[in-house]
Every structure is written in C-alpha cells, then in structure tokens.
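A.B. asks: Coordinates only, no sequence provided:
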C-alpha cells in the first residue's frame, strides 16, 4: 500500500465512450502526476499538478482531459479514444520539488489498465 | 538530449544467483538517480535514491552504485528470490524541476526456480 489509490484497476471501452480514471492520495502531498506506460517504452509524463494548478502538459491529445479538484484527488477524463491509447495509466504523488534527495519522492498507484476497442 | 538507457532489456537467472543491471544516462543538470521495482500490472516502488556525492547505497539484497563522472549506475541483486521477478526502472531527476523526471525503459528480470 503506497498511499495512492487508483480506480478502476481495469477498464475496457469503445472508441466512442466517455470514461474517467480516478486517483486519490492519502499522503498529504502537494503534487500529482499522470503517466502513461506502454509496453517496452519508458513512462511518459502526461500531466503535472502542483498545488492544484496544472504546471505541465506534455502535448497530450485533447481526448485526455485532467481535473484536479483538490490536492488529494486527480481525474483523467477520457473521450473518443483510439486503440493506440491502450496502456497502463499510472498516477503518482510527491511532496514538493523532486530536485533534492529528501523531497519529492514519487509514490505511484497500482495503475489503471485501459483497453480501447 | 536527456536520456536514460538500461541494459539488458531482459534477463533470466536461476533462484539464488546474483545479477547486475546497468543504467547509463545523459541527463543534465543532474540531481539524483533512483531505482524502482515494478511488479507486473502494478505501480513502481522505490528501491534506492542516490545523489551526486553517493557512490553506493544498499536496501537489503539490493545494492545500487553510481559513478557520476561516467554517468553510470548499476543495481546488484544478491541471492535472488522468485519475488525479485519484476521490471527494474532507472530514473534520473534533473535539478530543481518537479516534472523533469527521465525514465529508462526498464530491465525485465525473471527468476527461475
């Protein structure tokens, strides 16, 4: 148990569906992240929220829409996805900047396995 | 270009044997390097964190080394167990930026009984 909970763990959706992934952290952290993990590829950063403000969006297609209503919750809204969007979506949280050893350790959730048909 | 390269891509060893995983990076400015273990279908879990001034750090049967001059790190696993079967991901953090986290592709380690 890392203190970061993701739901659902598995999701199958059609290309015309609208669904959402949810992430909740119980660690009191002030930064939350969405990552995409495809087979045999490095984790790809999608979105970063710090103090509930989006600080980075790595040119993610608009069919992915994040929402951070407070520092403990993060959503990823999905609509009109493509089969190539099938992947493991990981949420993570950290406290402060990751630029020093003692702060910013990333804690990951278990991931949401998404399959787009 | 900031990159993290890991080798081998996959590795199979017998239970009880030792192994070493490699990580080379071209990330600058460097802040720290981390090794994560990721079990199949689960999120990564941190094993070690090493800063510029640290050469080695241990966590049980896991020992990480760092050579900041050659920009190389290794993760040595001693007396492997079946539960060590996982992907091991090398991650390099750029200085002073929460989003500049560079991930390697990982080494897939399989332990055979």
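C.D. replies: Cool, the structure landed. As the structure is a computational prediction, the values presented were derived from the model and not from experiment.
A.B. asks: For the closest residue to residue B:12 other than its chain neighbours, report the pLDDT, please.
C.D. replies: Counting by CB to CB, 6 or more residues apart in numbering or on different chains, residue B:12 lies nearest to residue B:110, which is 4.6 Å off, once chain neighbours are set aside. From N, CA and C alone the C-beta is placed, and that goes for glycine too. Each residue has a pLDDT score; the one for residue B:110 is 97.
A.B. asks: quick one: residue B:110 is in a helix?
C.D. replies: No - in this structure, residue B:110 is strand, not part of a helix, as judged by DSSP: H, G, I helix; E, B strand; the rest coil.
A.B. asks: ok, it - contacts?
C.D. replies: Contact partners of residue B:110, counting by CB atoms under 8 Å, 6 or more residues apart in numbering or on different chains, are B:10-13, B:85.
A.B. asks: So which of those residues is the closest to residue B:55?
C.D. replies: Of all the contacts of residue B:110, the one sitting nearest residue B:55 is residue B:11; the distance, using CB to CB, is 23.8 Å.
A.B. asks: Check whether the closest one really touches residue B:107, as I assumed.
C.D. replies: Yes - with contact defined as CB atoms under 8 Å, residue B:11 and residue B:107 form a contacting pair (6.1 Å).
A.B. asks: Now the common contact residues for the two.
C.D. replies: Counting by CB under 8 Å, 6+ apart, the contacts common to residue B:11 and residue B:107 are residue B:21.
A.B. asks: hmm, which helix or strand of the chain has the shakiest average pLDDT?
C.D. replies: Using chain A here. For chain A, scoring each helix and strand by mean pLDDT, DSSP states H and E identifies strand A:53-57 as the least confident one, at a mean of 77.
A.B. asks: meant chain B actually
C.D. replies: Using mean pLDDT, DSSP H and E, the lowest element in chain B is strand B:101-103, with a mean of 89.
A.B. asks: so who does residue B:42 touch?
C.D. replies: A:110-111.
A.B. asks: what's the pLDDT at it?
C.D. replies: 89.
A.B. asks: ditto for the one 5 residues further on
C.D. replies: Reading off the per-residue confidence, residue B:47 sits at a pLDDT of 94.
A.B. asks: With residue A:46 as the reference, measure out to it.
C.D. replies: Distance, residue B:47 to residue A:46, using CB to CB, to the nearest Å: 24 Å.
A.B. asks: for the closest residue to chain B within chain A, what are its contacts?
C.D. replies: Distances from chain A to chain B, computed as CB to the nearest CB, single out residue A:108 as the nearest residue at 3.3 Å. The neighbourhood of residue A:108, defined by CB under 8 Å, 6+ apart, consists of A:2, A:4, A:90-92, B:43-45.
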